[in-house]
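[1] Sharing a model prediction with you, sequence too.
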Protein chains: 4
Amino acid sequence: MTYSVAVAGASGYAGGEILRLIADHPELEVRTVTAHQNAGQALTAVQPHLRAYTHLTLAETNADTLAGHDLVFLALPHGASGAIAAELGDASIVVDCGADHRLEQEGDWAAFYGGEFHGAWTYGVPELPRLQGTQRERLAQTRRIAAPGCNASTVALSLVPGVRAGVIDAHDIVSVLAVGPSGAGKALKTHLLGSEILGSANPYAVGGTHRHIPEIQQALRWAGAADPTISFTPVIVPMSRGILATSTARLADDADASSVREAWEDAYAGETFVQLLPEGQFPRTADVLGANTALMGLAVDEAARRVVVVAAVDNLVKGTAGAAIQSANLALGLAEATALPVNGVAP
Amino acid sequence: MTYSVAVAGASGYAGGEILRLIADHPELEVRTVTAHQNAGQALTAVQPHLRAYTHLTLAETNADTLAGHDLVFLALPHGASGAIAAELGDASIVVDCGADHRLEQEGDWAAFYGGEFHGAWTYGVPELPRLQGTQRERLAQTRRIAAPGCNASTVALSLVPGVRAGVIDAHDIVSVLAVGPSGAGKALKTHLLGSEILGSANPYAVGGTHRHIPEIQQALRWAGAADPTISFTPVIVPMSRGILATSTARLADDADASSVREAWEDAYAGETFVQLLPEGQFPRTADVLGANTALMGLAVDEAARRVVVVAAVDNLVKGTAGAAIQSANLALGLAEATALPVNGVAP
Amino acid sequence: MTYSVAVAGASGYAGGEILRLIADHPELEVRTVTAHQNAGQALTAVQPHLRAYTHLTLAETNADTLAGHDLVFLALPHGASGAIAAELGDASIVVDCGADHRLEQEGDWAAFYGGEFHGAWTYGVPELPRLQGTQRERLAQTRRIAAPGCNASTVALSLVPGVRAGVIDAHDIVSVLAVGPSGAGKALKTHLLGSEILGSANPYAVGGTHRHIPEIQQALRWAGAADPTISFTPVIVPMSRGILATSTARLADDADASSVREAWEDAYAGETFVQLLPEGQFPRTADVLGANTALMGLAVDEAARRVVVVAAVDNLVKGTAGAAIQSANLALGLAEATALPVNGVAP
Amino acid sequence: MTYSVAVAGASGYAGGEILRLIADHPELEVRTVTAHQNAGQALTAVQPHLRAYTHLTLAETNADTLAGHDLVFLALPHGASGAIAAELGDASIVVDCGADHRLEQEGDWAAFYGGEFHGAWTYGVPELPRLQGTQRERLAQTRRIAAPGCNASTVALSLVPGVRAGVIDAHDIVSVLAVGPSGAGKALKTHLLGSEILGSANPYAVGGTHRHIPEIQQALRWAGAADPTISFTPVIVPMSRGILATSTARLADDADASSVREAWEDAYAGETFVQLLPEGQFPRTADVLGANTALMGLAVDEAARRVVVVAAVDNLVKGTAGAAIQSANLALGLAEATALPVNGVAP
């Protein structure tokens, strides 16, 4: 069976990546691509790398152009998808790649985003351990999916196994991330210019202001953390894509350092797209470039009494578009891994 | 039907890329991977991005380990494949990704490589225009394939349509290429260190000494050029992969500038993997990253009386591993495009 | 003696670089820095790397703020300096880092820039060979200096010795340049975003449309070329700064290949900032990063009958700000090399 | 007065950087440069960016070639300088850029390096706050200087003001660093190849094994910390130089969040080369490229009860060669800032 697909925001990085991945999907067919400023242009005039779509033209982004598809991906700026999503009927499965439907608590939304609160949809990370049931089951029964924040899901996947197993303390977590600038989209800002990015490492949102913080805390609570706190610092580095998240948490007071690793091994034993490397190995972002894989390494620093988890993710794939398609596969009842590469493009 | 595959030199960049691409091939199954220094190790210890192959261990590279497969890829250093290839029987289709079987003229081999001359195999660029018949037909009837040099095939594809149509002069061609360092492989040389490569453009083999020159001339002769000359300069730039070849040739004396473009349009009209961009558009290497696509833009500089063709290729895909698999697909009688992505991974 | 200095356009890359270099100049003192959008801000809010200038605030760019200084640098967008320069009196030495005063022929200006033609000032490349007298002498006697185009001066310096000596043919020159994006300034354009630049090589102005072409031809004519033509293609590569220009020209019919090199050796024998590397060596852009040095390597490709000159320049130093200060030093009667580094910042 | 200088290890990155900086030093004159593998070659054959030194040839590294100079810089691999330093008499001031003379406690040396313990020399970071006296005073009276580890001094400078003032807890510090590969030197290792480094972030020494940990702890103890612990993770990112260290420490239980910043302001108020940015601003590594400046931003994350300090340093300048020269200036009684740039080379 073939499902019809519309992608809103097809001129952006997330929209483009959804299209790149779907090109290899035997059961999805892209019928409509929409944009704002670039409406009316050929898709490949804006996304010249998408050679499989030389036949598509960008339509306007609105409820009319998006209606009537089995599956709609919204890859719009934060705050733009809430209103348009409300106009799409239940006939479509809708995946929002923006932040509008990620947070359950209105207070978090108000504090970190502001504007109208639209409530939470099913969070698009199937592998996320939860206290009751699984996230995968939830996704198989939903028609509204909130694709995760790329940094948030990377850090959450890094730490929830330890929280769930009670071997780390979810209070006083520290995460520092090396991230590529594509996470910031195509916005024309001076600090995102190539001349500024090349040869430089550039921190932003330092000191507890980054919008992914409440999203991480939410996932930690789902895993059983009572009152998680996290010091979170992203650093833009000169690679177009990728997140390398170094997350550390204190060992729980009663944790046995030698058995900490098992919590992660158990949590991800059967997973295709979340893999723990053997002891002593740590991932590079190149290992997951273009792939839907979250690759992790773990060490226990006994002198510092901290667990260190280093996770590599392609922000546009497992961090956004891949998670969106993986979740949509589940919601459509298809094989979860369809069209999602597990091998990275390296070197 | 499933064909068994062995990859020799699986710890290198070309070997790794063959494996990455084959992972999505429904009719090829990798049975054996071999290496020299790394034999005995898990493949993913050396190629951590190849998550689909966590079950494979590197064997020694020799005729015994490679025998008995339907398809053998040799991704070995130049000069190393000639001897081992001679030991592989006709039961296997063999694709040599090294230079050993590319050149038809022993004098070229002696002048630019040296050592024993092994004679030429069928050149693995199906789209190459020839005076008689097509390269694609030749590949469909062969059991011995010489995958092309990445720079050579990029420049050849850029210019042969014009030579074939008689609108450019194959004498006094000038090509300058921006290339990523992965083309040089994993050799441990100071000038290939990250510290040396980052933030710098670095020319090499300046002044007519590069080994791909006779390979380009050979392809130009196949298209009808009598005595082609080329000034060829590669420049290593800070991108892991990619070739951006700027090739210029003088307009033929009797050429009508307004009809030059047609030669390229005609040559590549039906091709999946060689595409000419609309007038005024030129490709970036990011547009073809990870893809088997050669993307071209063409301009006629009437003041300088030169045609300028800019071509972007991923040196490890269309330049090597993709060309190898595309050619093997033909030799096996499979659909030529199987397992070969056409969309680039951008940004 | 101390000369007072104003820098217009101090928030841009060229303006910032002038300030960086002048910080080490014992006889120049920056009194005024001006900007357009950023007027009113602390200089270091916009140029945080200029730690020696934490005391300066950006004023508005106009004739009033710039008046009354011994030396005025105009680092303004092309087309913006002509009008303001006309308002500055002869009491100031003025250096224009834009294109407005580079071209002698009004037809060239009209064809490649357009708008009002302001006439040519003394061209700021002291080392440029000329048929009569020297460029250095002209600069020592001027009060109006046109700093060169970065690509143009790099290519001109690469070839004029051979033209001057009659060993190369100035007809049918081909130059391809790997350039960093800082040459395009801080303009907010999608193709200049870090995500687009990283990992990619991107050609522009292909086919004879680049504005530096008439500037190169002008310098070639100064060296004696009758009717120079040049195929000129710049390629943006992922390094913030730097130009690596590969320029080739046909050997003159009567040229003796073995004596070609002498023309360059003779032309640059006594120069501090233009250096020819020993035979077989070629420069990298990293070798001249932050330095006022143009570093060259030369090969004669006898098979192609072409001379190949590869030149590395930091576009913001020898290509712009360094050339501006070097020329100003001459105009002020100071030691030409004052405050200009010869060593590159590598790796 | 002119002091004669020898640089051992002049073919490496640290040695090259010492030479680059000394070129602008009016009172130091390089007489001897030595190397191991490259002895006998022209310095510029190995370090082509050092155009001011075309007259120097690399001698062998031994006590004979290094003897008789007023000032000797040892830029040798760890473990190599101890023995040779012991042969240099008191007539020379000696600066060791390796690790051999940094650690005071033999147990630290044994645990993290091993081999013969040579005892500690005066640590080459003048700005380091200490409980008694100043590091600057110590350097003014020494003839043996241990240039700091680049990561260690960056983290130490980031945190010691808070420790000294008692506003942060030196227990449970977490530091994650984005670092360029030049910190690893010119060693030929696969993971340092350009193809591996480009487009990728790569952690190493995860989990408490990095050799700079005891050096940081030593500096924290000098500032009054009783039993400091630190979780320390460096991540190699694709920039040739630079360290961006994100260091966080818990607020002391009795600390007033609003007055924390003062500790850093006070500590570095009069410093040229260690600068705290205004509230809300954070440094990029490009801001200090090529400069001897350590640039810091500070935030108090009240929700996480942690101070976050982000510091940018050029690992080869303030991290090594600049610190070495700054310290040598003090030891020689010269102006501390001589020959040391404060402005970074950006963009």
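    In hand now; what should we look at?

[2] Distance check, the residue in the stretch 51-200 of chain A that chain B sits nearest to against chain D.
    Here the stretch 51-200 of chain A gets closest to chain B at one residue, residue A:51, 4.6 Å apart by Cβ to the nearest Cβ. Heads up, the C-betas are built off the backbone N, CA and C, glycines and all. Relative to chain D, residue A:51 is positioned 21 Å away (Cβ to the nearest Cβ, to the nearest Å).

[3] you'd agree that residue is up against residue B:274?
    No. Between residue A:51 and residue B:274 there is no contact under Cβ atoms under 8 Å: 10.7 Å.

[4] Give me the common contacts of the two.
    residue B:293 (Cβ atoms under 8 Å, 6 or more residues apart in numbering or on different chains).

[5] How about residue A:3, nearest residue that isn't a chain neighbour?
    Once its chain neighbours are removed from consideration, residue A:3 has its nearest residue in residue A:70; the separation is 3.9 Å (Cβ to Cβ, 6 or more residues apart in numbering or on different chains).

[6] and the helix or strand of chain A with the lowest mean pLDDT, what does it pack onto?
    Among the helices and strands of chain A, helix A:81-87 carries the lowest confidence by mean pLDDT, DSSP states H and E, at a mean of 90. The contact analysis (3 or more Cβ pairs under 8 Å, 6 or more residues apart in numbering or on different chains; DSSP states H and E) places helix A:81-87 against helix A:63-66, strand A:71-74, strand A:93-96.

[7] ok, the closest residue to the residue of the stretch 51-200 of chain A closest to chain B other than its chain neighbours - contacts?
    Distances taken as Cβ to Cβ, 6+ apart put residue B:342 closest to residue A:51, at 4.6 Å, once the chain neighbours are dropped. When the contact criterion is Cβ under 8 Å, 6+ apart, the partners of residue B:342 are A:23, A:51, A:52, B:272, B:273, B:291, B:292, B:293.

[8] So among these, which ones count as buried?
    Buried positions within those, assessed by neighbour count (16 or more other Cβ atoms under 10 Å in any protein chain shown), are A:23, A:51, A:52, B:272, B:273, B:291, B:292, B:293.

[9] Now the two most distant members of those.
    A:23 and B:273 (14.2 Å; Cβ to Cβ).

[10] since we're on residue A:29, how many residues are nearby?
    The burial metric for residue A:29, expressed as a neighbour count using other Cβ atoms under 10 Å in any protein chain shown, is 14.

[11] what's the pLDDT at the residue nearest to residue A:51?
    The score at residue B:342 is 98. That number is its pLDDT.

[12] The spatially closest residue to residue A:339 that is not a sequence neighbour: neighbour count?
    Closest residue in space to residue A:339, ignoring its immediate chain neighbours: residue A:25 at 3.6 Å, by Cβ to Cβ, 6+ apart. Under the neighbour criterion other Cβ under 10 Å, residue A:25 is assigned a count of 19.

[13] ok, residue A:25 - contacts?
    Residues in contact with residue A:25 (Cβ under 8 Å, 6+ apart) are A:325, A:338, A:339.

[14] and if we set it to 10 Å?
    By Cβ atoms under 10 Å, 6 or more residues apart in numbering or on different chains, the contact set of residue A:25 is A:2, A:3, A:5, A:325, A:328, A:329, A:334, A:338, A:339, A:340.

[15] when you check the residues you listed against the helices, which ones overlap?
    Under the assignment DSSP state H, the contacts of residue A:25 contribute A:325, A:328, A:329 to helices.

[16] Paired strands for the helix or strand that residue A:307 is a member of, with orientation please.
    Following DSSP states H and E, the helix or strand that holds residue A:307 is strand A:306-313. For strand A:306-313, the paired strands and their directions (DSSP bridges) are strand A:243-250 (antiparallel), strand A:294-301 (antiparallel).

[17] So which of the ones you listed is the most surrounded?
    The highest average neighbour count among the strands paired with strand A:306-313, using mean count of other Cβ atoms under 10 Å in any protein chain shown, belongs to strand A:243-250 at a mean of 28.

[18] which residue sits closest to the residue of the stretch 101-250 of chain A found nearest chain D, ignoring its sequence neighbours?
    Distance from chain D to each residue of the stretch 101-250 of chain A (Cβ to the nearest Cβ) is smallest for residue A:207, at 2.7 Å. What sits nearest to residue A:207 in space, not counting adjacent residues and going by Cβ to Cβ, 6+ apart, is residue D:299, at 2.7 Å.

[19] Against chain B, how distant is the nearest residue to residue A:320 once chain neighbours are set aside?
    In space, residue A:320 comes closest to residue A:14 once its chain neighbours are excluded; the distance is 4.9 Å by Cβ to Cβ, 6+ apart. From residue A:14 over to chain B the distance is 11 Å, taken as Cβ to the nearest Cβ.

[20] Please name every helix or strand in contact with the helix or strand encompassing residue A:14.
    Of the helices and strands defined by DSSP H and E, residue A:14 is found in helix A:13-22. In terms of contacts (3 or more Cβ pairs under 10 Å, 6 or more residues apart in numbering or on different chains; DSSP states H and E), helix A:13-22 is packed against strand A:3-8, strand A:28-35, helix A:43-46, strand A:71-74, helix A:322-332.

[21] Show the average pLDDT along the first one.
    What it means is strand A:3-8. Taken as a whole, strand A:3-8 carries a mean pLDDT of 98.

[22] Chain C contacts on the stretch 101-250 of chain A?
    Proximity of the stretch 101-250 of chain A to chain C is assessed by Cβ under 10 Å from any Cβ of the partner chain, with A:180-200, A:202, A:236-241 identified as the residues in range.

[23] tally of neighbours for residue A:226?
    By other Cβ under 10 Å, the residues close to residue A:226 number 9.
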